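Visitor: sharing a sequence plus its predicted fold:
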Amino acid sequence: MLVEHIGELVTNDPARDGALGILHDAAVVIDGDRIAWVGEQGAVPEGVEGPRVDAAGAAALPGFVDSHTHMVFAGDRTAEFDARMRGERYAAGGIQTTVAATRAATDDELRANARRLREEALRTGTTHVEVKSGYGLDIEDEARLLTLAGELTDDVTFLGAHVVAPEYVGKPDDYVDLVKGQMLDACAPLARWADVFCEDGAFDEDQSRAILTAARAKGLGLRIHANQLEPGPGARLAAELGAASADHLTHLGPGDAQALADAGVVATLVPVADLSTRSPWPDARALLDAGATVALATDCNPGTSFTTNMPVVIALAVTAMRMTPAEAVWSATAGSARALQRADVGTVQQGARADLMILDAPSHVHLAYRPGVPLVRTVISVGAVVHG
């Protein structure tokens, strides 16, 4: 396949000029599921055969990488959202509503909902996702959710430590023992990552450290829901344990940004969750100024961020969190790829997976400049046109 006549191509190739490695009047050659060549339109190699996709002078960029989602669930939390919009404060306990619905759902019901959300994300340019469990909270259901998540992606995250299971209310340490013992034994072979919701109302610092340490011993990479509801130990714990990412970070404490930067932990921000809970905006500038790598993600979940739309995330990052358009686009592509410790997605360069999109716009800046407008014209995922 030849993608040709690209007016502005965001490559994220560090060998090219600028943060986004932008090429003008560009073309991309795809061979199977990989990018075979990237360069100027006038230098396309001879003998390229197969279908042609004409960008007609529009902008193109890597497919979005959504490094934080909870796509496998059942049920609806409209009432909770409505109550929150009428002034009730968000607390972690609302997760139990989704747990009850998810446990009661069949595999086919969960699969159908997850696939619907994945297709929805694909239409808006998201070509790679991470998907967590966390709405089962028992051995059988957590393993079931991880198996279903594995049908969507190879970046599957075990989140048995989302909140304490209803059967263990008042016995959190017993639940921690279950998560880091029998549940982890059953779930580790089904996941690449382990995550913990380190927050008041979920798991404290010692409990989070115990679970993540056990997960690391099983060969899983580490992620942490950190500092979402208030300043707390999550960001520092991520730095201490060398987690791949610390996610949310709505309430940074003194020195947290520098600790993450020094430890090489990616700071994953999920601004739709902050919008939906009427929380303060994360201090993206403090993280960037400290030298931290920032990723952007949807946090797609039924309670606090029921969106699959990465362009909306980019628009909020720019307009509300004071990121530049270039910083936000990089964070939604290459930054999120770094959060997943991957070099094959989030970039348009030779050897990368053939994931890219064409906008109905002349520049990547339009993703923030025209918030809410459906600008993604064509999506190519793993070498095939899947939208447009």
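Guide: Thanks, I have it.
Visitor: in the protein, which helix or strand is least confident?
Guide: Here the helix or strand of the chain ranked lowest by mean pLDDT, DSSP states H and E is helix 78-85, holding a mean of 90.
Visitor: let's see that helix as CSV, backbone CA atoms only.
Guide: Extracted as CSV, the C-alpha positions of helix 78-85 are listed here (Å, rounded to 0.1, in the frame of the first residue of the first chain):
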residue,chain,number,x,y,z
THR,A,78,-25.6,7.1,34.5
ALA,A,79,-27.2,7.7,37.9
GLU,A,80,-23.9,8.1,39.6
PHE,A,81,-22.8,10.6,37.0
ASP,A,82,-26.0,12.5,37.3
ALA,A,83,-25.7,12.6,41.1
ARG,A,84,-22.1,13.9,40.8
MET,A,85,-23.2,16.6,38.4
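Visitor: pull out the buried residues from it.
Guide: If you call a residue buried by 16 or more other Cβ atoms under 10 Å, then helix 78-85 has these buried ones: 80-81, 84. Any C-beta I mention is one placed from the backbone N, CA and C, and that applies to glycine too.
Visitor: what's that helix in contact with?
Guide: Here helix 78-85 makes contact (Cβ atoms under 8 Å, 6 or more residues apart in numbering) with 90, 94, 97, 276-278, 303, 306.
Visitor: which pair of those residues spans the longest distance?
Guide: Using Cβ to Cβ, the contacts of helix 78-85 span at most 19.4 Å, a distance reached by T97 and R278.
Visitor: neighbour count winner among these two?
Guide: For T97 versus R278, neighbours defined as other Cβ atoms under 10 Å are more numerous around T97 (17 against 11).
Visitor: quick one: residues contacting that one.
Guide: Contacts here follow Cβ under 8 Å, 6+ apart; on that basis T97 touches 75, 77, 80, 303.
Visitor: next one: it from Y135, what distance?
Guide: Remark: distance between T97 and Y135 (Cβ to Cβ, to the nearest Å) = 10 Å.
Visitor: go on, S208?
Guide: 19 Å.
Visitor: quick check: PyMOL command selecting the buried ones in the contacts of T97.
Guide: To isolate the buried members of the contacts of T97 in PyMOL, using 16+ other Cβ under 10 Å:
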select buried, resi 75+77+80+303
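Visitor: most widely separated two among the contacts of T97?
Guide: The largest separation in the contacts of T97, counting by Cβ to Cβ, is between G75 and E80 at 10.6 Å.
Visitor: quick one: low-confidence parts of the stretch 151-300 of the chain?
Guide: Scanning the stretch 151-300 of the chain for pLDDT under 70 picks out nothing.
Visitor: now do the strands in it.
Guide: Ranges of strands within the stretch 151-300 of the chain are 155-161, 193-198, 221-226, 245-248, 266-269, 294-296, based on DSSP state E, counting those that start in this stretch.
Visitor: and A19, which of those is closest to it?
Guide: Checking the strands of the stretch 151-300 of the chain against A19 by Cβ to Cβ gives strand 294-296 as the closest, at 12.2 Å.
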